[in-house]
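> My questions are about this predicted structure, shown below with the sequence.
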Amino acid sequence: MIARYTVHLKQPIRMLDHWPIDVLGARMTLVADGDMVSALKFTFTGQPTTLAPALTDPGKPGQPPKITINDSLQTILRQQVRNGFSFLQALFHIQVAFDRTDAEFEGETPEENDAIAINHFSYGEADDRPLALTYDYFTRAMMAAEKPYDEKYRLFATLTGYAREASKEARYIDAFRYYFLILDAFFSDGQFKKAGLEKAFKRHGALMDAIKSATADFREDRTRPTTPTGTFLRGLPTPEEIADHLIERRGHYFHSNRRKSGAWSPDKQDEARDLSWLCSMICFYLSEEYSAPMFAEELGPRHFAEATKSGAIIVLRIDYTYVDDDGSEPKQGRTNINMPGTKVTRKMATEMTQNFVQNFIESQPASSLMHAICREAKSGKPIFEIKYPQELP
């Protein structure tokens, strides 16, 4: 089987001349548009078809088939490419997008073609779609920046950013290290030895609560090799036991004792995958405290006032029909709602639908909604409509 892997650069490199070479057991070519190189392509021949993702029949009718990945070649290549670029990065600022490696699989015989279930596959856990936010996140953040600032917020944000970037590049060991530095900075109480650190972590209720919530969210990826943390979590440990596990893993990954049996290696990133994910969720649940200033109660009214001052207010009119549960004649109602904004979005319409129904249920507990239509007051443009069949009792 022929296996082709395309490793993308984060920024193109201008290179006036290049040609294929045999290296790392493959034929390497550069992907370029004119003289701008955007990726490296490695072509391997004579590979087993087991490297290609496999489809497994679902266990129950109606479920989708399961994709199983056992591509050790891609893992080795990614580490070797990272090693090679480390020499370049000592001289230049070059970044490789290890979070998106494209793979193509092509049989060299008809039998191999039949054995390949998936011909194209993209490895990585990053999402290239733009982050979707509403404008109030920006206004609240800038308003919060007017107040006295505690450097703990920058420390949390900086380390979280480093950890996320490492996770996107599948550098799970580095991701865990950055996440643990957050826990150490805020919950170690100055302790650094194992016994003292264990006691310190367990004294902080916020950390124990975050561990409990993160553990409840954990879903082990059974399509990938098991990890020490994944195996550990199968035993349903307590938050205190998980804290001990994190500290034990710190001792493993923060030290490089080559004489130790089973010492960590940069080539074994995947064994820290579940560990880094667990820590990311712990920090996610802790993040509420470190973003709290932008959600201060007084900033909501100020956001609305600033929108009003700029003329960025949309008036929505909701006309609705409802009937009381005692069987009386249908009644009419109208509600006007002012929303900050210059355009009605689908997200806004969805939120308004949800809010209207919830408010109706709370304000009219002995009534049932028959019909509601929301329009933009200025243009009359319909925003949403709810209509129940007349034959419903």
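Cool, got the structure.

> Could you use CA atoms for every contact and neighbour count after this?
Noted.

> count of neighbours near Ser72?
10 (other CA atoms under 10 Å).

> nope, Ser265 is what I was after
For Ser265, using other CA under 10 Å, the count is 12.

> That one: helix or strand, and which one exactly?
Using DSSP states H and E, Ser265 falls within no helix or strand.

> same deal with the one 10 residues further on?
Secondary structure assignment for Leu275, by DSSP H and E: helix 273-290.

> Can you point out the buried residues in that helix?
273-283, 285-287, 290 (16 or more other CA atoms under 10 Å).

> how much distance is there from that helix to the middle of the chain?
Relative to the chain's own centre, helix 273-290 is displaced by 11 Å; criterion: CA atoms, centre = their mean, to the nearest Å.

> Check the average confidence over that helix, would you?
With pLDDT averaged residue by residue, helix 273-290 scores 93.

> The helix or strand just after it packs against which elements?
Using DSSP H and E, the helix or strand that follows helix 273-290 in sequence is helix 299-309. Here helix 299-309 touches helix 135-144, strand 331-340, going by 3 or more CA pairs under 8 Å, 6 or more residues apart in numbering; DSSP states H and E.

> My reading is that Gly262 lies in a helix. Confirm?
No: under DSSP: H, G, I helix; E, B strand; the rest coil, Gly262 sits outside any helix and is assigned coil.

> so what pLDDT did it get?
Looking at Gly262, the pLDDT reads 75.

> Now do it against Glu271, distance only.
Per CA to CA, to the nearest Å, Gly262 is found 12 Å from Glu271.

> Compare those two (neighbour count), which wins?
Comparing Gly262 with Glu271 by neighbour count (other CA under 10 Å), the higher total belongs to Glu271, at 19 against 9.

> what's the helix holding Leu275 packed up against?
helix 151-168, helix 172-187, helix 205-217, helix 228-234.

> Touching that helix from outside, list them.
152-153, 156, 160, 167, 170, 172-173, 175-176, 179-180, 182, 206-207, 210-211, 213-215, 218, 220, 227, 229-230 (CA atoms under 8 Å, 6 or more residues apart in numbering).

> Tell me how many other residues surround Ala3.
24.

> Show me the beta-bridge partners of it.
Phe44, Phe105 (DSSP bridges).

> What part of the chain, helix or strand, is modelled with the least confidence?
strand 66-68 (a mean of 76; mean pLDDT, DSSP states H and E).

> Okay, angle between the helix holding Leu275 and helix 172-187 too, please.
30 degrees (axes from the mean of the first three to the mean of the last three CA atoms, to 10 degrees).

> and the angle for helix 273-290 with helix 205-217?
130 degrees.
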